[in-house]
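Visitor: Sequence first, then the predicted structure, then my questions.
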Amino acid sequence: MSKGKASIWRVGVIVLLVLLVPAGVVLGNEGAIGIVKVANGNTFINRDGQRSLAKPGDALLQHDVIETAEDGSLGVTFKDNTRLSLGPNSRITVDEFTFKPGTREFSFVTRITRGTLLYLSGLMAKLSPESVSVKTPVATIGIRGTRFLVQIDEDDADHQP
């Protein structure tokens, strides 16, 4: 199996595992915007200059950088039930996350700088699709649908959108 097909296959497996977990996200950490649901291999959360191994149940905060090594894959669920799955050698940053349906305040901006990302939209994309975007080194994706897959090749990783 080619390296690209293997990466996409691994992301697909992670998505299936994340979908099997109950949809509601229980977040006990003040300021938490999401939670790690599945972590395989070497996966990391970089927060405030500190790098730690990611494991199921870990809370995600705004501005966290989430990484997977060559043997890693990761599935996360956000407060609005948006789901992200990262394949091997991936890196994303959660730049903004605001989900306050009562006051109609919405913002979800994430940036992928390398690897593979599968996005499955949650409630925010349904209520305010213009408030959700995924930045890549070569473009910014506005969310208008319910799911998509992004793969950043090494050649594209050094570009800025």
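Guide: Alright, I've got the coordinates.
Visitor: From now on I want contacts and neighbour counts done on CA atoms only, so please keep to that.
Guide: Fine.
Visitor: Where does the residue sitting nearest the centre point of the chain fall, secondary structure wise?
Guide: Geometric centre of the chain, nearest residue: residue 84, 3.7 Å, by Cα atoms, centre = their mean. Here residue 84 sits within strand 83-86, counting by DSSP states H and E.
Visitor: Partner strands of that strand and their direction?
Guide: Here strand 83-86 is paired, per DSSP bridges, with strand 73-78 (antiparallel), strand 105-120 (antiparallel).
Visitor: if we can go back for a sec, residue contacts, the residue nearest to the centre of the chain?
Guide: Residues counted as contacts of residue 84 (Cα atoms under 8 Å, 6 or more residues apart in numbering) are 15, 75, 76, 77, 117, 118, 119, 120.
Visitor: ok, which pair from the residues you listed is furthest apart?
Guide: 77 and 117 (13.2 Å; Cα to Cα).
Visitor: picking up where we left off before, if you skip the residues just before and after it, what's nearest to the residue nearest to the centre of the chain?
Guide: Counting by Cα to Cα, 6 or more residues apart in numbering, residue 84 lies nearest to residue 119, which is 4.9 Å off, once chain neighbours are set aside.
Visitor: wait, the one you found sits on residue 151?
Guide: No - between residue 119 and residue 151 there is no contact, the gap being 11.4 Å when judged by Cα atoms under 8 Å.
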